[in-house]
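**Student:** Here's my sequence, what's the structure:
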Amino acid sequence: MKPRLSRCVVIRCFSQGLTFNLLALACTATYPLQAQSTNEGTLSQQVQQLTDAMARTQKQLEQSQRQLKEMQQQLTTLQQQMAKEHAGTASLNETRQSDEERLATQVNDLREQEAMQASQIATQAQSKVESESKYPVKLTGLILLNGFVNTQKVDMAATPTVALPGDGSTGATLRQTILGIDARGPHIFGANSYADVYADFYGNAPSGIYVGGYSSVGLFRLRTIHAEMDWAHTQAFFSLDRSIINSNMPSSLTAVAIPELAWSGNLWNWNPQAGVMQTVPFSNFQQLRMQAALIDASDAPIVFASPSAIIPGAPPPSTAENSRWPGVEARLSLWNTQQKNSGEFGVGGFFAPHRIYGGIHFDAWAATLDYRQTLPEHMELSGNVYRGLGLGGLGGGAYKDYVYRPESDDPGEFYFRALDDVGGWVQLKQRTGQRLEFNAAFGMDNVPAGQVRPYATISDSFYQDLARNRTFTGNVIYSPSAYLLFSLEYRLLASSFINSPTSTSNIIGIAAGYKF
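**Tutor:** This next block holds a predicted model:
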């Protein structure tokens, strides 16, 4: 008898890319009854083999499940990392966008500087101003148009500093236009030499109106003069300018002929000076500056002088000149050199003897503190404060160094008192790029009303009775190019007199200028 055909079973398992093969071969045959005992032994062996194969397959399946769990954990970890990277990419995109905006601004600024430099290079091919010394001379200046609206009466319509009772005014002027000459001199004694002179058209003021010390009788008025010799750490100079104890100036394009906050805490008046400055580096980012000078302090607008001392056509000597001794001034400052205009802090002092009619004399003095500090977001804080006596010649003291009153029984005799003075100013500047800036400032000058009150009846001049002067101001200055300037400004003047209520005036000013 032929044996029956065998049956083969093949089991194939698939799990996540892993293939397990199970091959079990079961062969059964039908033999004659007499061979049954032999076939039973073979079948038992096959069953045992199949059982072993199933055990191995089960073991491999369990191992595969463990690997699958590990892969799931790895997948979860990768998904979390991808989520973090996506968030980081979004933040990076924002940073890149901000960097691109800053880069675009810097590129535009560089283009403007390149255009300006190209213009300057082209200017070199033009005819130049030639000096007798053959050293470089440059003509510079600012053509300036100012418009103004004063809601109440002021002392000077175009450049108001004191508010008065009465009606306001509206107008425009070109008299704040400035002309200047810059000159480079020889290299002498190991130093570079430099000089400049600036003038405007704000002279020839109406009678009784003060337009600044050393103003000319005609329309043309001398403003400032500088001459310097610069070594590596030393500078020698003489100048006609504000005192060295007032190193900072508020920013304005509508108050140029008489600077912003004048007679409201800004010691701005221009005086002849001669001095030296020594710079002492004592760290990588800081320097100590020491300045000292002699100064010819001018008279305040309100001054008592002997009529016999006035020669027609010639100005009389000032009370400081009558003393026959020059004034002295000094300033010590700490300067941060890490960045341009990054910060400076200084203290200063001033002393000048004065002698007035009748042999009476007094000593003007001042102690000052000035500061300029860069703040975050392109902001800057600057200012100056002072305390002193007889500071009218520097631009303080409510327009006067002293008050006086004639003796009723003897007109040739008079009562006299030099005035204490305290004041200062502060300005906050916000720059938006190189073309736009915003400025907000406050200034105040104050003499004790109790010192002025006993002398109130001597004069009809409102300056004589002024005890406190305050100015609040804010402006925006826009420069679309290196040569064009535009500005809009608001000012509030508040002037307090000892014999009348405080007068206020709102001032709106506009300006358009062309630098050359």
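**Student:** From now on I want contacts and neighbour counts done on CA atoms only, so please keep to that.
**Tutor:** Will do.
**Student:** Pull out the buried positions in the strand or helix carrying Gly168.
**Tutor:** Per DSSP states H and E: Gly168 is located in strand 163-173. Using 16 or more other C-alpha atoms under 10 Å as the test for burial, strand 163-173 gives Ala163, Leu164, Gly168, Ser169.
**Student:** what's near enough to touch the first one?
**Tutor:** What that stands for is Ala163. Contacts of Ala163 were listed using C-alpha atoms under 8 Å, 6 or more residues apart in numbering, and they are Gln152, Lys153, Val154, Asp155, Leu493, Ala494, Ser495, Ser503, Thr504, Ser505.
**Student:** Could you give the bridge partners of it?
**Tutor:** With DSSP bridges as the criterion, Ala163 is bridged to Val154.
**Student:** ok, it to Ser503 distance?
**Tutor:** For Ala163, the distance to Ser503 (C-alpha to C-alpha, to the nearest Å) stands at 5 Å.
**Student:** Pull up the overlap in contacts between the two.
**Tutor:** Leu493, Ala494, Ser495.
**Student:** Quick one: mean pLDDT over the helix or strand hosting Ser503.
**Tutor:** Counting by DSSP H and E, the element that carries Ser503 is strand 500-515. Taken as a whole, strand 500-515 has a mean pLDDT of 96.
**Student:** middle-most residue in this protein, spatially?
**Tutor:** In the chain, the centroid-proximal residue (C-alpha atoms, centre = their mean) is Glu380; its distance is 3.7 Å.
**Student:** what residue ranges in the protein score low on pLDDT?
**Tutor:** Residues of the chain meeting the criterion pLDDT under 70: 1-41, 87-99, 115-130, 205-218, 303-315, 338-342, 408-412, 457-460.
**Student:** Domain ranges for it, per the record?
**Tutor:** 7-92, 127-515 (automatic domain parsing).
**Student:** For Glu100, find the nearest of those domains.
**Tutor:** domain 7-92 (11.9 Å; C-alpha to C-alpha).
**Student:** Could you list the paired strands of the helix or strand following the strand holding Gly168 along with their orientation?
**Tutor:** Sequence-wise, the next helix or strand downstream of strand 163-173 (DSSP H and E) is strand 178-188. Here strand 178-188 is paired, per DSSP bridges, with strand 137-154 (antiparallel), strand 191-200 (antiparallel).
**Student:** Quick check: which of the ones you listed is nearest to Val422?
**Tutor:** Closest approach to Val422 among the strands paired with strand 178-188 (C-alpha to C-alpha): strand 137-154, 23.1 Å.
**Student:** in the closest one, what's buried?
**Tutor:** Neighbour-count burial for strand 137-154 [16+ other C-alpha under 10 Å]: 137-138, 141-154.
**Student:** picking up where we left off before, how about the contacts of Ala163 in CSV, adding distance to Tyr402?
**Tutor:** Formatted as CSV, these follow (distance: C-alpha to C-alpha, whole Å):
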residue, distance to Tyr402
Gln152, 28
Lys153, 26
Val154, 23
Asp155, 21
Leu493, 23
Ala494, 22
Ser495, 18
Ser503, 23
Thr504, 25
Ser505, 27
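**Student:** Spell out, range by range, the strands that occur in the stretch 251-400 of the chain.
**Tutor:** For the stretch 251-400 of the chain, the strands defined by DSSP state E, counting those that start in this stretch occupy 271-281, 286-295, 327-336, 343-355, 361-375, 379-389.
**Student:** Touching the longest one from outside, list them.
**Tutor:** Translated: strand 361-375. Against strand 361-375 from outside (C-alpha under 8 Å, 6+ apart): 245-248, 323, 341-355, 380-391, 418.
**Student:** and the angle from the strand holding Gly168 to strand 500-515?
**Tutor:** 20 degrees (axes from the mean of the first three to the mean of the last three C-alpha atoms, to 10 degrees).
**Student:** measure the residue nearest to the centre of the chain to Ala440 for me?
**Tutor:** Distance from Glu380 to Ala440, by C-alpha to C-alpha: 11 Å.
**Student:** can you pull out the helices in the protein?
**Tutor:** 36-124, 319-322, 449-452, 462-465 (DSSP state H).
**Student:** Which elements pack onto the last one?
**Tutor:** To tie it back to what came earlier, the one meant is helix 462-465. In terms of contacts (3 or more C-alpha pairs under 8 Å, 6 or more residues apart in numbering; DSSP states H and E), helix 462-465 is packed against no helix or strand at all.
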